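Novice: here's a sequence, model it:
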Amino acid sequence: MRRFSTPKWLLSHAFVLAMVVLMVALGFWQLDRLDERKARNVEVRAAMEADPVPIEELLGTEPPEHASVIVGGEYLDEFSFFVANRTFESQAGLWLATPIRLDDGRIVVVGRGWVPRTWAAGTDTRVIDTPSGRIELLGRVQASVDGGRIGRGATSTLPEVSRIDLPVVEELLGIDVEDSWVQLAVQAPPLGDLPIPVPRPSLDEGPHLSYAFQWFFFSFGTVVVYGLILRSRLREPAGE
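Specialist: So this is what the prediction gives:
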């Protein structure tokens, strides 16, 4: 066994041990992420299934993600904009968003739904009607996200942002908006063919469990393979 105590072999042992420890740690990290995903799903499901409340009750707070809200007010169609690079059933498109002025004068961004890229380019002739006057809608409240950028698609008739980052939206539109926005579900008067409301989020558990098994399998395989290498070297003549 002395041959495995040379500096070369000690370095090899240390490397394999470090890799096994790393892979086991990554496996447990994926299990932790699975637990976090399950806990988030419970919170989101409870928020979506709770009775809707007026949006005014949640503004200025940190509302539960996807909490159901009732919104009443008047669309500010002149401030409509696109959220770029959104898909629906594997089709390329954008989200159409329009601020709404609430009855108390505050302004909330409403993600009205998905439109195909052909509509933004003007080759889809379907008409999107933005109701005038007071409307009421039911939707899911969302928090602002970071990392948004202002852009303008080459064929778009409206300004674009990459994400609904509300400070960026304020910069784009030149108006003050509240620090939460709403993903529309239904409205009265009802929507036409477009935009298509964005469906509820999928509450699956993701790939974390399978990833954890993969990391544990890799760590076990590494131990087995390294053990076979050591056994093979033991069978070699001592001078080799």
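
Novice: tell me which residues in the lowest-mean-pLDDT helix or strand in the chain are buried?
Specialist: Least confident helix or strand, the chain: helix 117-121 with a mean of 84, by mean pLDDT, DSSP states H and E. By neighbour count on 16 or more other Cβ atoms under 10 Å, the buried set for helix 117-121 is 117, 119-120. Glycine gets a C-beta too; all of them are placed from N, C-alpha and C.

Novice: cool, stretch 228-236 as well?
Specialist: Applying 16+ other Cβ under 10 Å to stretch 228-236 flags L230 as buried.

Novice: counting by contacts, list what the helix ranked longest in the chain packs against.
Specialist: Counting by DSSP state H, the longest helix found in the chain is helix 7-49. The helices and strands touching helix 7-49, judged by 3 or more Cβ pairs under 8 Å, 6 or more residues apart in numbering; DSSP states H and E, are helix 208-234.

Novice: buried stuff in the helix it packs on?
Specialist: By 16+ other Cβ under 10 Å, the buried positions in helix 208-234 come out as 208, 211-212, 215-216, 218-219, 226, 230.

Novice: closest one to M23 out of those residues, please.
Specialist: S219 (3.9 Å; Cβ to Cβ).

Novice: on that earlier part again, show me how far the longest helix of the chain is from its chain's centre.
Specialist: 21 Å (Cα atoms, centre = their mean, to the nearest Å).

Novice: the very next helix or strand once past that helix pairs with which strands?
Specialist: Downstream of helix 7-49, the next assigned helix or strand under DSSP states H and E is strand 53-54. Here strand 53-54 is paired, per DSSP bridges, with strand 68-75 (parallel).

Novice: buried stuff in the partner strand?
Specialist: 68-71, 73, 75.

Novice: okay, these in JSON lines with distance to V16 next?
Specialist: Below are those laid out as JSON lines (distance: Cβ to Cβ, whole Å):
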{"residue": "S68", "distance to V16": "53"}
{"residue": "V69", "distance to V16": "55"}
{"residue": "I70", "distance to V16": "60"}
{"residue": "V71", "distance to V16": "59"}
{"residue": "G73", "distance to V16": "64"}
{"residue": "Y75", "distance to V16": "63"}
